[in-house]
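Chemist: Pasting a predicted model and its sequence here:
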Amino acid sequence: MSSFTLDTSAYSAFNRGDKRLKAWFNSEIDIIVPSIVIGELRAGFAAGNKHIENEKFLQRFLDSPNVYIESISDDTTKIYAGVYLSLRNKGKPIGTNDMWIAAIALQLNNELLTLDEGFEHIPDLMVASI
C-alpha cells in the first residue's frame with residue numbers, strides 16, 4: 001500500500017490514541033484527506049471545548065509532507081451519483097458526506113481507512129480492515 005483515503009472516524013480515533021491506527025500514520029504512506037473530512041473535523045472542533053488545540057493538531061497533520069488534500073472534481077460528482085443510486089437501490093443509505101468521501105476514494109482507487117459501518121455496501125470500494 002502506498003496511499004489510502006482517510007475518513008473522519010479514523011482521524012478522530014488516531015487523534016484519541018487508538019493503537020489500531022498507529023501503523024497507518026507513518027511517513028512511508030501517503031494519506032489522502034478529502035476536503036469533506038476537514039470540514040467535518042472543523043465542525044466538530046467548533047462544537048467542542050478544545051477547538052484551538054484540535055485545530056493546531058490538524059494543521060500540523062495537514063502540513064506533513066505525506067498528507068494531501070483532495071477536493072471534489074467533476075469526475076467525483078459522477079462517481080458520487082453512482083454511489084448514491086447504488087445505495088438507494090439497495091435500501092442502504094449512508095450520510096451525504098460519507099458518500100462524497102467514498103466517491104473520492106473510488107476516484108483515486110484507494111483503500112478507505114474508516115471505523116464507520118455502511119461503507120461496505122458501496123460496490124468496488126476497498127475498505128481497510130482494522
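Modeler: Looks like it arrived, so ask away.
Chemist: C-alpha from now on. contacts and neighbour counts both.
Modeler: Will do.
Chemist: ends of stretch 22-32, how far apart?
Modeler: Across stretch 22-32, the straight-line distance between its terminal residues is 16 Å, by CA to CA, to the nearest Å.
Chemist: Would you pull up how far it lies from the middle of the chain?
Modeler: For stretch 22-32, the distance between its averaged C-alpha position and the chain's averaged C-alpha position is 13 Å (CA atoms, centre = their mean, to the nearest Å).
Chemist: how about it: buried residues?
Modeler: Residues of stretch 22-32 classed as buried under the neighbour-count rule (16 or more other CA atoms under 10 Å) are 24, 30, 31, 32.
Chemist: Helix, strand, or coil at residue 94?
Modeler: When the structure is split into helix, strand and coil by DSSP: H, G, I helix; E, B strand; the rest coil, residue 94 lands in coil.
Chemist: need the contact list for it.
Modeler: Neighbouring residues of residue 94 by CA atoms under 8 Å, 6 or more residues apart in numbering: 87, 118, 119.
Chemist: Kindly report the same for residue 128.
Modeler: 111, 112, 113, 114.
Chemist: same deal with residue 127?
Modeler: For residue 127, the set of contacting residues under the criterion of CA under 8 Å, 6+ apart consists of 111, 112, 113, 114, 119, 120.
Chemist: From residue 56, how far off is the third one?
Modeler: Using CA to CA, one obtains 22 Å as the distance from residue 113 to residue 56.
Chemist: Same drill for those two, tell me which one is more crowded.
Modeler: Looking at residue 113 and residue 56 with other CA atoms under 10 Å, you find the greater number of neighbours at residue 113, namely 23 against 11.
Chemist: That one against residue 3, yeah?
Modeler: No. Taking CA atoms under 8 Å as the definition, residue 113 is not a contact partner of residue 3, at 10.3 Å.
Chemist: for this structure, what spans make up the strands?
Modeler: In the chain, the segments counted as strands under DSSP state E are 3-6, 30-34, 67-70, 111-113, 126-127.
Chemist: what about the longest one, distance to the chain center?
Modeler: Relative to the chain's own centre, strand 30-34 is displaced by 8 Å; criterion: CA atoms, centre = their mean.
Chemist: Fine, thanks again, bye for now.
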